[in-house]
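Trainee: Here is the input, now give the coordinates:
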Amino acid sequence: MNYLSANGRSGASTGANILDPNNLPTFVAGFQSIHMTIITTAGVSAGVLTFETSGDGVNWFAYQVSDASNPGAAISATLTPGASSARMLFANLEGTYVRCRISTSFVGGTVSASYSLSEQAFDSPSSGGGAAITNYALETGGNIATLVARTPALGFAAASAAQPVVLATDLSIVGPAAVTTGNNILASDSNAATDSSAYHSGGLWIETSAGISGGVLTFEQSATGTNWVALQVVDASVVNTNPVTTLTLAASTARLFIFTAMAGFIRVRVSTTVTGGTVQARALLSQQSFGAQTLNVQQATPGSLAMNLGQLGGTTPVTAGVAGTLAIGGNVAHSAATTANPVRVAGRVNTAVDTTLVANDTCDAFSTTGGQLLVKPYGLPETDWQFTGSITNATATAARAAGAAGVRNYVTAIQYQNTSATASEIQIQDGATPIWRGNAPASMALPAVIEFPTPLRGTAATALNVQLITTGTATFVNAQGYQAA
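Mentor: Numbering: from 1, shown residues only. This next block holds a predicted model:
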C-alpha cells in the first residue's frame, strides 16, 4: 500500500488552497482517502475553510469531511477552527482534485495545513463522499497536542533532509568466491535458491580465474525452488547471439548475461565440476523490465537452411528447384484460358555491339527497337553492312572499315561479275591477309553469287578489303556482312 504525505502552506486571505504551497489544486487521482491537519495561530478571531472537490480542476463542489479531533461531530464541508487550534480531518476521495479553500478571510492570525493520501479508503463512507466517523478515540488523555507534534513542519525541507523520488531499488547479489562445485553459486548455501519473485529482469556476471581447463555452468529457473527448468540468458557482450542455457568456462574471462525473470527463483548451477581454477557469480535483479529485449533468429549452419516452397499449400506456381535454384511457373497451364497477367519473358533492346561479354558470361536476350526478339542469324540489324563497287585495278579496295576495339568484320555473301576480256583471281582480305580466294573469268555473262554458311571472320579492329589480282579488269563486286565481337 502506498502513501503520499505533503506540507501545504499558511495563509489568511480568501481564495488560497492551503493544501498546496503554490495555491494549485491538489491532484489525488489513484488514492482513496485523505487525512488533513489544520493548525491556526494565536489571535485568530474569524475565518472559515471550505473543502471542495473537482473532476477537472475548474468546476468545484462542496465536499464533506469528518473531524477526528471532535468525536461525534457531524460531517461538514466547512470548518471554523478558532485560535491556537489543531484539527484532524478525514475523508474518502471521489474526484480528481481537492482543495481546502479560505472562504472567509482569517482575522488576527493565519491558518496552515498538511495532508497525507492513502490507497486505502476509510470504513463506512457517507453518502456525501466523506468518512462518516462517529466515534474516534483520541490518544490516552485526549492529548491532541501529541498528535500535532508528529505532523511535519510546514515549508520546504533543506536539500540534506529531502527525500528523493527514485525507482524501486535493484537487488545486488555477490556469490561466494573461488567456487568449483555447487547447485547455486549465487548463494553462500549452495543448495539454496535465489528468490527473484519481486523482480522482472536481471544480469549475471560470471568471472573465472586463470588455469581453468574444464567446467560448465547451467542457468535455471523455478516457480517453487524445488523443480527446475532451463533459464535462457543472452550474452550482452556479443552482437547477434542466440540465447543459451549453459556456459562452458574458459580461463581468465568475464562474461555478462541478461535475462527476463519469469519464475519465482533462479540459480546458477555447476553442472560440470570446475577444474584447474575457480569461478564466481554476481547478479543484479531489477524491478524494471528490459527496454528492448533482442531475440536473434538464425540458422546455426547457413548451408543447412532448407526450404520447400511447395509446403506453402494451395496452387502456388512457385516450386522447389534444383540445387537451390527456384523454378518459376505461370499461374495457368498451357492451353488454359485466363484473364490474369502472364509471366513476362522479355529481352533487352540493343542497337550496338556489346563488347563487354566474355566466355561463360550470362547474356540478356536482345530485341530490336521494334520490339522483335532477335532471332535473325548473325547480328543486330544496326550492325549489318553492305558494299558495292566497280574495280578496274589490282589495288585492295575497302569493303568495310575497321570496327572499334574488340569488334570484328564478318562476311556472309559476295557477288561479282568480270565484264572485261581479262580473267583475274579475286580475294577477300582481312587487312592484307586473304581469308577467301576465287576466280573471276573473262567476259562473265552473269554474276557469281557466293554465300558463306559459316561467315568469314576477320580480326578485331581490322578493315575488310576486296582485291582483283590481275590489272585491266572491269569487275562489279557486291559484299554483305555484319560486325560483332
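Trainee: For the residue sitting furthest away from the middle of the chain, what is the enclosing helix or strand?
Mentor: With distances taken from the mean C-alpha point of the chain and given as CA atoms, centre = their mean, the most distant residue is residue 421, at 90.2 Å. Of the helices and strands defined by DSSP states H and E, none includes residue 421.
Trainee: what is residue 466 paired to in the beta sheet?
Mentor: Here residue 466 sits in beta bridges with residue 397, residue 428, going by DSSP bridges.
Trainee: got the contact list for it?
Mentor: 387, 389, 391, 396-397, 399, 414, 426-429, 477, 479 (CB atoms under 8 Å, 6 or more residues apart in numbering). (Each C-beta comes from the backbone N, C-alpha and C, glycine too.)
Trainee: Filter those down to the buried ones, PyMOL style.
Mentor: Only the buried entries of the contacts of residue 466 go into this PyMOL selection, using 16 or more other CB atoms under 10 Å:
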select buried, resi 387+391+396+399+414+426+427+428+429+477+479
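Trainee: can I get the contacts of residue 466 in CSV with distance to residue 467 and pLDDT?
Mentor: Below are the contacts of residue 466 laid out as CSV (distance: CB to CB, whole Å; pLDDT from 0 to 100):
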residue, distance to residue 467, pLDDT
387, 13, 97
389, 11, 95
391, 8, 94
396, 4, 95
397, 7, 96
399, 10, 96
414, 12, 98
426, 7, 96
427, 5, 97
428, 8, 98
429, 6, 97
477, 10, 97
479, 12, 98
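Trainee: want to try TSV for the contacts of residue 466, with distance to residue 332 as columns?
Mentor: Formatted as TSV, the contacts of residue 466 follow (distance: CB to CB, whole Å):
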residue	distance to residue 332
387	51
389	57
391	61
396	61
397	59
399	52
414	50
426	58
427	58
428	53
429	57
477	56
479	50
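Trainee: wait, which of the contacts of residue 466 is closest to residue 437?
Mentor: Nearest to residue 437 among the contacts of residue 466 is residue 427, at 5.2 Å by CB to CB.
Trainee: The closest residue to the closest one other than its chain neighbours in helix, strand or coil?
Mentor: Of all residues not flanking residue 427 in the chain, residue 434 sits nearest, at 4.5 Å (CB to CB, 6 or more residues apart in numbering). Put simply, residue 434 is strand when judged by DSSP: H, G, I helix; E, B strand; the rest coil.
Trainee: now do residue 217
Mentor: Residue 217 carries the three-state label strand when classified by three-state DSSP.
Trainee: could you list every residue that touches it?
Mentor: Residues near residue 217 by CB under 8 Å, 6+ apart: 185, 206, 246-247, 249, 268-271, 279, 281.
Trainee: Please apply the same query to residue 254.
Mentor: Contacts of residue 254 (CB under 8 Å, 6+ apart): 205-208.
Trainee: okay, now the residue nearest to residue 427: neighbour count?
Mentor: The tally of other residues near residue 434 (other CB atoms under 10 Å) stands at 14.
Trainee: which outside residues touch stretch 88-98?
Mentor: Contact with stretch 88-98 is made by 19, 25-29, 31-38, 51-57, 61, 63-69, 79, 117, 121-122, 125, 129-131, 133, 144, 147, as judged by CB under 8 Å, 6+ apart.
Trainee: What ranges does this protein have for its helices?
Mentor: Secondary structure of the chain (DSSP state H): helices at 144-149.
Trainee: in it, which helix or strand is least confident?
Mentor: strand 318-319 (a mean of 49; mean pLDDT, DSSP states H and E).
Trainee: now that we have the contacts of residue 217, which one has the most neighbours?
Mentor: Using other CB under 10 Å as the neighbour test, these are led by residue 268, with 28 neighbours.
Trainee: Could you pull up the contacting residues of that residue?
Mentor: Contacts of residue 268 by CB under 8 Å, 6+ apart are 175, 184-186, 204, 206, 217-220, 281, 283.
Trainee: per-residue confidence at it?
Mentor: You'll see residue 268 listed with a pLDDT of 95.
Trainee: ok, now how distant is it from residue 246?
Mentor: 10 Å (CB to CB, to the nearest Å).
Trainee: Then residue 412?
Mentor: From residue 412 over to residue 246 the distance is 75 Å, taken as CB to CB.
Trainee: Where does pLDDT dip in this structure?
Mentor: For the chain, residues meeting the criterion pLDDT under 70 lie at 1-2, 72, 123-168, 290-331, 342-344, 376.
Trainee: if we go to 50?
Mentor: Across the chain, the ranges flagged by pLDDT under 50 are 124-143, 311-317, 319-320.
Trainee: Now the buried members of the contacts of residue 254.
Mentor: 205-208.
Trainee: so, if you compare those residues, which one comes nearest to residue 260?
Mentor: residue 205 (17.0 Å).
Trainee: my guess is the residue farthest from the centre of the chain meets residue 442, correct?
Mentor: Yes. Here residue 421 reaches residue 442: they are 5.1 Å apart, a contact under CB atoms under 8 Å.
Trainee: So what's the residue count around residue 107?
Mentor: Residue 107 has 11 nearby residues by other CB under 10 Å.
Trainee: again with residue 233
Mentor: 24.
Trainee: ok, the residue nearest to it when sequence neighbours are not counted - contacts?
Mentor: Leaving aside its sequence neighbours, residue 233 sits nearest to residue 257 (CB to CB, 6+ apart; 3.9 Å). Residues near residue 257 by CB under 8 Å, 6+ apart: 203-204, 206, 219, 233-236, 244, 247.
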